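Student: Could you work out the structure for the sequence below:
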Amino acid sequence: MVTGAAQGMGLCFASGLLTQGARVIAVDIKDGVQQDSNNIPGRTATDGTIEYKVADVSSQNQVQRLASEVAEKYGAIDVWVNNAGLFPQSNISSVSDEQLHRTFGVNVDGVFFGAQAASEFMKPGSSIVNMASVAASRVRPGRAIYSATKAAVKNLTNSLAVEFGHLGIRVNALAPGFINTEMTNWVHETPGAMEKALSSIPLGRIGEPDEVLKAMLFLISNSASYVTGHTLSVDGGSLHG
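Tutor: Sure thing, here's the model as predicted:
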């Protein structure tokens, strides 16, 4: 299961899981998720299968229904990637009630509801991966809401790992830095933003989606069988830059 799969990291995750032979359920609030996901690069006939579902992850009922339908069809859920997220950029003084609650609804409630629903249908050895961000630890002007939601995701990941541990379900998070996706187009479009971003990254470049994908594949693999409650930074060292 991959949420927010119509573009960006979600589309990359769906593609990567397909090439591993997985049955992928690509979920997005956009009606065009199937059309977008059909454009997965490098897909071959020997890959796994993909199905497309439309759901709002901030709705507990929709997420629960989705998990139940998939589990009924396939018997269990092995991996759930809580990737769907919003990235508002607003000064605190201009944040509206609607913007605040919608962002928390997708970025935090969506992670909670996804993990809650998935855990009902997971067997020992299954894995949940949440999308946090370096913004959980390193704040910037205009990103108060986003940073707060990602800090919540990081802490929630720890709590889920503790609560689901006795079930044999591992829960980890990814904390990407600047990654070359639609969500970071503003870095290319805002004068001086790229130079400022690069100055804070020890590796001196923007990351690529495939580099986050590899980290995700590690977290769900047997190579990480004793890793849970961990947030893995994929940020070129920007937390220390």
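
Student: got the buried residues for the strand or helix carrying N155?
Tutor: Secondary structure here is read from DSSP states H and E; on that basis N155 sits in helix 144-164. For helix 144-164, the neighbour count (16 or more other Cβ atoms under 10 Å) marks 144-154, 156-158, 160-161, 164 as buried. All C-beta atoms are positioned from the backbone trio N, CA, C, and that covers glycine.

Student: ditto for stretch 219-239
Tutor: Of the residues in stretch 219-239, those scored as buried under the neighbour-count criterion (16+ other Cβ under 10 Å) are 219-220, 224, 228-229, 231-236, 238-239.

Student: Look at that stretch and report the distance between its end residues.
Tutor: Stretch 219-239 has an end-to-end distance of 20 Å (criterion: Cα to Cα, to the nearest Å).

Student: can you pull up the bridge partners for P176?
Tutor: When assigned by DSSP bridges, P176 has beta-bridge partners V234.

Student: Who are the contact partners of it?
Tutor: Listed by Cβ atoms under 8 Å, 6 or more residues apart in numbering, the contact set of P176 reads M9, M131, S133, V134, G207, V212, V234, D235.

Student: picking up where we left off before, among the buried residues of stretch 219-239, which ones are in helices?
Tutor: L219, I220 (DSSP state H).

Student: Shouldn't I25 be within a strand?
Tutor: Yes. Counting by DSSP: H, G, I helix; E, B strand; the rest coil, one finds I25 located in a strand.

Student: What pLDDT is listed against the residue nearest to the spatial centre of the chain?
Tutor: For the chain, the residue sitting closest to the mean C-alpha position, by Cα atoms, centre = their mean, is N83 at 2.2 Å. N83 carries a pLDDT score of 98 in this model.

Student: Repeat that for W186.
Tutor: 73.

Student: Check the one 3 residues further on too.
Tutor: E189 is assigned a pLDDT of 75 by the prediction.

Student: Tell me how many other residues crowd it.
Tutor: The tally of other residues near E189 (other Cβ atoms under 10 Å) stands at 9.

Student: Now do the contacts for it.
Tutor: When the contact criterion is Cβ under 8 Å, 6+ apart, E189 has no partners at all.

Student: just to revisit the earlier point, for the helix holding N155, list the C-alpha coordinates in CSV.
Tutor: C-alpha atoms of helix 144-164 as CSV (Å, rounded to 0.1, in the frame of the first residue of the first chain):
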residue,chain,number,x,y,z
ALA,A,144,5.6,26.1,11.0
ILE,A,145,2.6,23.9,10.2
TYR,A,146,4.6,21.5,8.0
SER,A,147,7.4,21.2,10.6
ALA,A,148,4.9,20.6,13.4
THR,A,149,3.2,17.8,11.5
LYS,A,150,6.5,16.1,10.6
ALA,A,151,7.6,16.3,14.2
ALA,A,152,4.4,14.6,15.2
VAL,A,153,5.0,11.9,12.6
LYS,A,154,8.4,11.2,14.0
ASN,A,155,7.1,10.9,17.5
LEU,A,156,4.1,8.9,16.4
THR,A,157,6.4,6.5,14.6
ASN,A,158,8.1,5.8,18.0
SER,A,159,4.8,5.2,19.7
LEU,A,160,3.5,2.9,16.9
ALA,A,161,6.7,0.8,17.1
VAL,A,162,6.3,0.3,20.8
GLU,A,163,2.6,-0.6,20.6
PHE,A,164,2.9,-2.9,17.6
